[in-house]
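# generate a structure from the sequence data that follows.
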Amino acid sequence: MTGAGGAATVSGDPVREVMARHRALCERAVDPLEIAAGLEEAGLGPAAAARCRHADLFALAEELYARVPRRPPAEEPAVPPAPLTRRPGAAARTAVSAALPCAAAVALGAGRPVLLAAAVPLALVSARGGRGGPQDAGPGRWRRWGAPAQGAGVAALLLAPLAVPSGGPGERRVTAALVLAAALSAGSARWAARWFRQVARGHLDAAATLAEFRSRMRPVLPVALALHLAVLGVLSFAALAVLTALAPRPGPGHAGGLLHLAAERAAPAQWAAQGVLGLLLVLPALLARCGRTGTAALGALAGAAGTAVPPAPLTGPFTAPLAGGAVALALLAYAWPALGRPEAHR
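So this is what the prediction gives:
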């Protein structure tokens, strides 16, 4: 016979039957109140408690809590973040894919038609390599607008220095070597953005409060930028060393003397432009990786425009570094607080 409370009447210990039916609830409960709420949801009422010789469900829940041993829920193994060394070929492929069009433009004379032709595959490769940010970034919107625009901006950034008129042949070859080094550093920018996001996800799991998360994230962006600029510096010195080795040795009346001296040491303005170019490559990559796709695309395009067509009032060898540096500074001022918020990494 079954009572109104839904529990079957049995001879012996009626609590044992309730305990058997709701054992999982009793094992997971952290206090008797949780068991009482679960029994009530299952349809048990005062009548069922009375058949178990208890005044109410709360008294019955206390007995069940005392008789059933606790069993903590099996925690799902945390999925470890993908190590940075798991896909070492991604950064290498990005570097080579960005450097090939630049190398073709240099080999063919770096004329404007050649730059336009080289920019097409470079933009496509950069757009394809820029995907894969967080899921909340809107993959569809990123493909429609962010990736192509950022790819075009990266292409223009890498090729703009080749279009800017320079001095003699030696200076043009030094510029070409530095541009090729910057193109290879596109892989470093992708790696730095991935490292930044991985560190941020770790801090997001470890920080107990919003203030602690922001405190943990404060030095991460400068470290990511410094890592990328260090790789860019090494690549730039290596490119100049190769150019020096390939240049003819200076001799009496030899026209290659100036080329050798230029390859041996780039001008300060060229180093400044190289540093600005490095920032304009890595900051959009960081923003895109953390879901700020529109800002990343606009930043890349604005950086290319500022580097190739600096404002008219600016004159002198530092014109392009100053114009591009203003864009980089604006991107940095936006990225530091934006990428230090938890919602950028969820």
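
# can you tell me which helix in this structure is longest?
helix 220-246 (DSSP state H).

# which secondary structure elements does it contact?
Applying 3 or more C-beta pairs under 8 Å, 6 or more residues apart in numbering; DSSP states H and E, one finds that helix 220-246 contacts helix 169-184, helix 186-206, helix 256-264, helix 268-289. Where you see a C-beta, it was placed from the backbone N, CA and C, and this is true even at glycine.

# give me that answer again for 10 Å
Here helix 220-246 touches helix 88-107, helix 169-184, helix 186-206, helix 256-264, helix 268-289, helix 319-338, going by 3 or more C-beta pairs under 10 Å, 6 or more residues apart in numbering; DSSP states H and E.

# between that helix and helix 268-289, how many degrees?
Here helix 220-246 points in a direction 130 degrees away from that of helix 268-289 (axes from the mean of the first three to the mean of the last three C-alpha atoms, to 10 degrees).

# residue ranges with poor pLDDT in the stretch 201-346 of the chain?
Applying pLDDT under 70 to the stretch 201-346 of the chain picks out residues 247-265, 309-320, 346.

# now with 90?
In the predicted model, the stretch 201-346 of the chain carries pLDDT under 90 at residues 201-216, 218, 236-278, 280-281, 284-285, 287-327, 337-346.

# coming back round to it: distance to residue 25 for the helices and strands packed on helix 220-246 - can I get that in a markdown table?
Listed next are these as a markdown table, based on distance: least, C-beta to C-beta, whole Å:
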| stretch | distance to residue 25 |
| --- | --- |
| helix 88-107 | 47 |
| helix 169-184 | 60 |
| helix 186-206 | 29 |
| helix 256-264 | 77 |
| helix 268-289 | 44 |
| helix 319-338 | 45 |
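
# out of these, which gets nearest to residue 26?
Nearest of those to residue 26, taken as C-beta to C-beta: helix 186-206 at 31.1 Å.

# and the helix or strand just after that closest one, which residues are buried?
Moving toward the C-terminus from helix 186-206, the first helix or strand encountered (DSSP states H and E) is helix 210-217. Across helix 210-217, burial judged by 16 or more other C-beta atoms under 10 Å covers 213, 216, 217.

# coming back round to it: looking at the helices and strands packed on helix 220-246, which is buried most?
Most buried of the helices and strands packed on helix 220-246 by mean neighbour count (mean count of other C-beta atoms under 10 Å) is helix 268-289; its value is a mean of 24.

# run the angle between that helix and helix 319-338 for me.
Counting by the same axes, to 10 degrees, helix 268-289 points 30 degrees away from the direction of helix 319-338.

# so the protein: which segments form each domain?
Structural domains assigned to the chain are 14-67, 92-344, following automatic domain parsing.

# returning to that earlier point: between the helices and strands packed on helix 220-246, which gets nearest to residue 44?
Of all those, it is helix 186-206 that lies closest to residue 44, at 39.4 Å by C-beta to C-beta.

# show me what that closest one is packed up against.
The contact analysis (3+ C-beta pairs under 10 Å, 6+ apart) places helix 186-206 against helix 88-107, helix 112-129, helix 147-163, helix 210-217, helix 220-246, helix 268-289.

# recalculate using a threshold of 8 Å.
With contacts taken as 3+ C-beta pairs under 8 Å, 6+ apart, helix 186-206 sits against helix 88-107, helix 112-129, helix 210-217, helix 220-246, helix 268-289.

# was I right to think residue 187 contacts residue 95?
Yes: Residue 187 is in contact with residue 95 according to C-beta atoms under 8 Å; the separation is 3.1 Å.
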